[in-house]
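Peer 1: Below: sequence and its predicted model.
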Amino acid sequence: LPQTRRGKPRLSKYYRAYTDDEKHKVEGEIHRLVTGRDSKFTNFVEFRQHKLIYRRYAGLFFTLCVDTSDNELSLFESIHLFVEVLDQFFGNVCELDLVFNFYKVYMILDEFFLAGEVQETSKQTILRRVQELDRLE
């Protein structure tokens, strides 16, 4: 879930069924929780029966909501890998790339995560697959 500092989601993917109202409520709660934290605290925070893992890049907060038993550090690094893949695919990615090419971002996300679990951790493999799919368009 990349969100701006003002709480505007730029992308969201849910692996459980929620109504639109529930999604907006959850996104608002996540925004308040993440943006309100001091930078000296860790990037892991308890949220309901889950954990939030987030990283800030420029004006965007990239947040994952995961089970409490998941490995925090591996998912923390997964956020960074996702941003690196976006950066290489778009060539110095910016917020506008996420807005105007959201379908490509979802394509990258689907190559990276499968049913909410990390599927691939090789940047080269993900980029190769995504570039092949992009050529087919």
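Peer 2: Arrived safely.
Peer 1: Now the element after whichever strand or helix holds residue 81, going C-ward?
Peer 2: In this assignment (DSSP states H and E), residue 81 forms part of helix 72-90. Taking DSSP H and E as the definition, the helix or strand that follows helix 72-90 towards the C-terminus is helix 95-100.
Peer 1: Could you give me the buried positions within that next one?
Peer 2: 97-98 (16 or more other C-beta atoms under 10 Å). All C-beta atoms are positioned from the backbone trio N, CA, C, and that covers glycine.
Peer 1: Now do it: which elements does it pack against?
Peer 2: Helix 95-100 is packed against helix 72-90, with contacts defined by 3 or more C-beta pairs under 8 Å, 6 or more residues apart in numbering; DSSP states H and E.
Peer 1: all helices for the protein, in order.
Peer 2: In the chain, helices defined by DSSP state H lie at 20-35, 72-90, 95-100, 102-112, 123-136, listed in chain order.
Peer 1: Just send the ones you listed back as TSV, with mean pLDDT too.
Peer 2: Below are the helices of the chain laid out as TSV (pLDDT from 0 to 100):
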stretch	mean pLDDT
helix 20-35	83
helix 72-90	89
helix 95-100	84
helix 102-112	87
helix 123-136	88
